[in-house]
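My questions are about this predicted structure, shown below with the sequence.
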Amino acid sequence: MTEKKEILRIENLNITIKNGSKRFHVLKDVSFTVREGERWAIAGESGAGKSMTMNAMTSLLPEESTEMTGKILFSTKDGGWQDLLALSYKERRKFVSEQIAIIFQDSINALNPNERIMKQWGETIRLHRPSLSQAELENHILDQMDIFGIRGGRETLQHFPDQLSGGMRQRIAIAMALESQARILIADEPTTSLDAISQRNTIEFIRKLLETKQWTLLFISHNLGILQSMCDHIIIMKDGAIVEQGTTDDLFYHPKEPYTRQLVRETMKIMGSSEALV
Amino acid sequence: MNESRSDSIVKVIDVIKTFPGARKGLIGRSPDFTAVKGVSFEMYRGELLGLLGESGCGKSTLAKMLMHLLLPTSGEIHLNGVQIQDMPESSFRKLRRQIQMVYQNPFDCLDPSMRIKGLLEEPLKIWYPDMTEETRQEKIDNILEECGLPQNCLSKYPKEFSGGQLQRISIARALLVEPQVLIADEIISALDVSIQNQILNLLIRMKERHHLSILFITHDLSVARRVSDRVMVMQSGEIKGIGTPDQVFSEQSDPYIKDLTSAVFTFSGRA
Ligand SMILES: Nc1ncnc2c1ncn2[C@@H]1O[C@H](COP(=O)(O)OP(=O)(O)O)[C@@H](O)[C@H]1O
Ligand SMILES: Nc1ncnc2c1ncn2[C@@H]1O[C@H](COP(=O)(O)OP(=O)(O)O)[C@@H](O)[C@H]1O
Ligand SMILES: [Mg+2]
Ligand SMILES: [Mg+2]
């Protein structure tokens, strides 16, 4: 089998946040390379720098207070590389919206509370496919609802976000994120605020989706069980730096760094299957 | 539920809690909401009883009724054989020491302007006004050691500690007055895994050493399964099952419990 093509390269990424006269070095020499179709996990305890890494890649950090050095390289169609940090702030946001679909922890932030689902979903589609007729647009949404298991048809579309359950809102937010025709999907703790059963359903759903779509995935979670079920590669972060990276099998069964070993051990105590405990 | 075991310490019979609907505008009202719908169970001496349920199912409401912080709409709550649900606060005061609670966010119950020393002395001064300064210090020293806290923490303020250390301090403070029952309401939910394990081990150690009854409230099935002597599962204000973890999470359990069990993510590795 030929090596898959590299799609994303983060090289020596450093981030310093300025707050008044204070400076915080929050990301330290982060480097990793993702190939097309791979599913990467970013794991680590709270405050490790997971969201900071994702927010740098998706250009969500406020320009004024953030200092970034290093490279965030995306492969381009002509076989070259585009460094995100070489673009102006405005160009960056546009570039990212074409390359990356983002799913957040809290779908409430992704959906506008003051607009009916139909209106916001429709607008998202128009952004990427402006030529669609109203009838085509509606049919497309109804098809997607089917695929995503979003029940209630046209009636659901007339609701405001807070009239729907958390699990339903998260599916809609995911469906909307995926309208973007992007090649890379980044999810930051997308199920952390859901109850256990909706969490399992949402994860199963994303997994099924990945079987049919050739997405490249970056999935952030502090829950190693979820990451093990979803991802083939993993990065373990601590205090803003990468502790260890590799395939999930290697890292979970042959961890090298003491910190990774501890994390694996402690997670087995909390959520290990009974086989793993003996 | 008429015959109680002799080591029964808390007994709850058909407890219902209905919250009146909030006022909406000038004349409207949203409908009443029943958060706890006829719950019955017992807690025995020296057991860790897990209370497992998704957020909003009524766990904290139940805990607050056991703590006499909320009064049930109907039903009975017995503490050591004494009915407490209708007791006026003045009579319950004498019993309050027997049942203590630790919360998810330790900042909610630790006054940020007080040093740890003061925070630990306070309950002793309230409950044992005649205790000598010397005895008090001895008790505090002992509990610090039992909870794995260093002596020098006494001169610090709550904001100088991590979440895990603060939970140790909250547990120490609750146990200082030697309660018979400890309610732990999602006390590890906000902590990282290694700290979660440390706090769980501390709870189990204290349970064994002091023959303490613990109501351990959590939304995490793996954790409930691991630490509980018995566990009860709550959904929408009702108890769906109670028994040993093996009984409750078995094939024959209630359909909701089955769903919950199959939704759990496990992890396997080697280290
Ligand atoms: N605006 C800010 N100013 C200073 N430090 C920050 C700021 N935002 C985040 N941090 C710090 O950056 C670190 C990484 O945070 P984050 O990436 O959100 O962690 P997580 O791994 O939990 O997603 C944390 O220690 C956090 O305190
Ligand atoms: N004081 C109150 N007034 C009205 N409703 C309440 C009040 N306290 C709790 N509730 C409702 O009761 C239900 C159970 O809440 P709670 O016991 O806090 O659940 P849990 O602790 O299991 O997450 C929730 O729907 C909550 O909104
Ligand atoms: Mg985060
Ligand atoms: Mg609660």
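Everything's here; your move. Ligands and ions are numbered 1, 2, ... in the order given.

Only C-alpha atoms from now on, for both contacts and neighbour counts.
Fine.

Now do the helices in chain B.
For chain B, applying DSSP state H gives helices covering B:59-66, B:89-96, B:116-127, B:133-146, B:163-176, B:193-210, B:221-227, B:245-248, B:255-262.

For the residue nearest the centre of chain B, which residues are in contact?
In chain B, the residue lying closest to the centroid (Cα atoms, centre = their mean) is B:Ile183, at 1.8 Å. By Cα atoms under 8 Å, 6 or more residues apart in numbering or on different chains, the residues touching B:Ile183 are B:Ala63, B:Ile99, B:Gln100, B:Met101, B:Val102, B:Ile214, B:Leu215, B:Phe216, B:Ile217.

Out of these, which sit inside strands?
Members of the contacts of B:Ile183 lying in strands (criterion: DSSP state E): B:Ile99, B:Gln100, B:Met101, B:Val102, B:Ile214, B:Leu215, B:Phe216, B:Ile217.

Between these, which sits nearest ligand 2?
B:Ile217 (8.3 Å; Cα to the nearest ligand atom).

B:Leu182 versus that closest one, what's the distance?
As defined by Cα to Cα, to the nearest Å, B:Ile217 lies at a distance of 11 Å from B:Leu182.

domain parsing for chain A?
Here the domain assignment for chain A is A:36-64+A:88-111+A:161-271, A:115-159, based on automatic domain parsing.

end to end, how far does the first one reach?
Distance between the boundary residues of domain A:36-64+A:88-111+A:161-271 (Cα to Cα) amounts to 31 Å.

near ligand 1 at all, that domain?
Yes. Residues of domain A:36-64+A:88-111+A:161-271 contacting ligand 1 under Cα under 6 Å from any ligand atom: A:Ser46, A:Gly47, A:Ala48, A:Gly49, A:Lys50, A:Ser51, A:Met52.

and the stretch 101-250 of chain A, which residues reach chain B?
Within reach of chain B by Cα under 8 Å from any Cα of the partner chain, the stretch 101-250 of chain A has these residues: A:Asp195, A:Ala196, A:Ile197, A:Gln199, A:Arg200, A:Leu224, A:Gly225, A:Ile226, A:Gln228.

One more pass at 7 Å, please.
Within the stretch 101-250 of chain A, the positions adjacent to chain B are A:Asp195, A:Ala196, A:Ile197, A:Arg200, A:Leu224, A:Gly225, A:Ile226, A:Gln228 by Cα under 7 Å from any Cα of the partner chain.

which residues touch the first one?
Under the criterion of Cα atoms under 7 Å, 6 or more residues apart in numbering or on different chains, the contact partners of A:Asp195 comprise B:Glu54.

Let me see the backbone angles for it.
The phi/psi pair for A:Asp195 (degrees, to the nearest 10) reads phi -70, psi 170.

Mind listing the strands the helix or strand bottoming out on mean pLDDT in chain B pairs with, and their directions?
Using mean pLDDT, DSSP states H and E, the weakest-scoring helix or strand in chain B turns out to be strand B:23-24, at a mean of 76. Under the criterion DSSP bridges, strand B:23-24 sits next to strand B:28-29 (antiparallel) in its sheet.

ok, residues contacting the strand it pairs with?
B:Gly21, B:Ala22, B:Arg23.

Show the pLDDT at the first one.
What the model reports for B:Gly21 is a pLDDT of 85.

That one: what's its closest spatial neighbour, skipping adjacent residues?
In this structure, B:Gly21 finds its nearest non-sequential neighbour in B:Asp32, 4.2 Å apart by Cα to Cα, 6 or more residues apart in numbering or on different chains.

quick one: contacts for the one you found?
Residues in contact with B:Asp32 (Cα under 7 Å, 6+ apart) are B:Thr18, B:Phe19, B:Pro20, B:Gly21.

taking those one by one, which sit in strands?
Residues of the contacts of B:Asp32 located in strands (DSSP E): B:Thr18, B:Phe19.

What subset of the contacts of B:Asp32 is buried?
Buried subset of the contacts of B:Asp32 (neighbour count, 16 or more other Cα atoms under 10 Å in any protein chain shown): empty, as none qualifies.

Can you add distance to ligand 1 and give the contacts of B:Asp32 back as a markdown table?
Below are these laid out as a markdown table (distance: Cα to the nearest ligand atom, whole Å):
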| residue | distance to ligand 1 |
| --- | --- |
| B:Thr18 | 38 |
| B:Phe19 | 36 |
| B:Pro20 | 38 |
| B:Gly21 | 37 |
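
Need the max-distance pair from the contacts of B:Asp32.
Spatially, the most separated pair among the contacts of B:Asp32 is B:Thr18 and B:Gly21, at 9.1 Å (Cα to Cα).

what sits in contact with each of those two?
The contact lists of B:Thr18 and B:Gly21 share B:Asp32, B:Phe33, where a contact means Cα under 7 Å, 6+ apart.

Please identify the most buried of the helices of chain B.
Across these, the average number of neighbours (mean count of other Cα atoms under 10 Å in any protein chain shown) peaks for helix B:163-176, which reaches a mean of 23.

Specify the angle between that one and helix B:193-210 in degrees.
Orientation check (axes from the mean of the first three to the mean of the last three Cα atoms, to 10 degrees): helix B:163-176 against helix B:193-210 gives 10 degrees.
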